[in-house]
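Peer 1: Take a look and give me a structure for this.
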Amino acid sequence: MYKYIVALVLLFVLGGLYNANAQYISLKQKTELVENKKKISSSMELYFDKSKSAIAKVITSPDLVYIFSNRFGETKIYYPETNEVSYMQTDDLSTKNELIYYFANNLTDQLGLADEGFSLAERNFDDKYLVTIWKAPATMELIEKVKMVFDGPNPIYAEYISRKTEVIKKIYYSQYNDYNSFRLPLRITEISYPQPGDSTIKRTIFSDVQLSATPNSDFFNFKIPENAEPIKKK
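Peer 2: Numbers count the residues shown, from 1 in each chain. Predicted structure coming up:
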């Protein structure tokens, strides 16, 4: 009986260490965009290597496309059906702008606002919720500030306010799930207001989240065929 109990304890501890040290995260993402009474849907698989801050995206619909990005914004877009590839690099494409990067690394206190030049202006509590106000840098002409609301350590709401004091975007983070080393909202709803009386709704749903200490998919180390035809810029 003693040996049995010890074995169970070791199994529990080692299992916890395995999940805590998991550097490879894969998940599925479905996005729905409702704009002008029309709905556009897309589906993809994401493969995030925490140690390299590299992301592979496999868009499965509406078309099959592979996208590979790193922390430097170096991005390769591969079209397997035509064996074509394009290359680009920009800070906007850095994996540090991906939500999975912030949640997987437990950097949820500002979700990249500080990296964009925002500065913390206020911090207070509304009942049990922590509310922070982030002031936009002077270089941003449209946005004045961002309000974030937290339930414990989890961001549940963000509100972007223009320099005309109008709310131009609302983001709701919900259905959090615990993956031992981090927590992830499985549903994110964004409501944007491009102009008064008009709105765009974007829903992102994550599912089938898997963690591994070793690559559990070929997409973590995928190599674009050497004979892929580069797409020439027009």
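
Peer 1: Any stretches of this structure with poor pLDDT?
Peer 2: Scanning the chain for pLDDT under 70 picks out 1-21, 196, 233-234.

Peer 1: how about the strands of it, start to end?
Peer 2: Under the criterion DSSP state E, the chain carries strands at the ranges 24-35, 38-49, 54-61, 65-69, 74-79, 84-89, 119-126, 129-135, 143-151, 154-162, 167-178, 183-192, 200-212, 229-230.

Peer 1: Of all those strands, which one is nearest Glu98?
Peer 2: strand 54-61 (5.9 Å; C-beta to C-beta). Where C-beta positions appear, they are placed from N, C-alpha and C, glycine not excepted.

Peer 1: for the closest one, the distance to its chain's centre please.
Peer 2: 12 Å (C-alpha atoms, centre = their mean, to the nearest Å).

Peer 1: Kindly calculate the angle that that strand makes with strand 65-69.
Peer 2: 160 degrees (axes from the mean of the first three to the mean of the last three C-alpha atoms, to 10 degrees).

Peer 1: Kindly provide the distance from Asp115 to Leu99.
Peer 2: According to C-beta to C-beta, to the nearest Å, Asp115 stands 13 Å off from Leu99.

Peer 1: From the neighbour counts alone, determine which of the two ranks first.
Peer 2: Counted by other C-beta atoms under 10 Å, Asp115 and Leu99 do not tie: Leu99 has more neighbours, with 17 against 14.

Peer 1: just to revisit the earlier point, of all the strands of the chain, which one is nearest Leu111?
Peer 2: That would be strand 154-162 among the strands of the chain, by C-beta to C-beta, at 6.2 Å.

Peer 1: Walk me through which strands the closest one pairs with, and which way each runs.
Peer 2: Under the criterion DSSP bridges, strand 154-162 sits next to strand 143-151 (antiparallel), strand 167-178 (antiparallel) in its sheet.

Peer 1: neighbours of Thr82, just the number please.
Peer 2: So Thr82, with other C-beta under 10 Å, has 10 neighbours.
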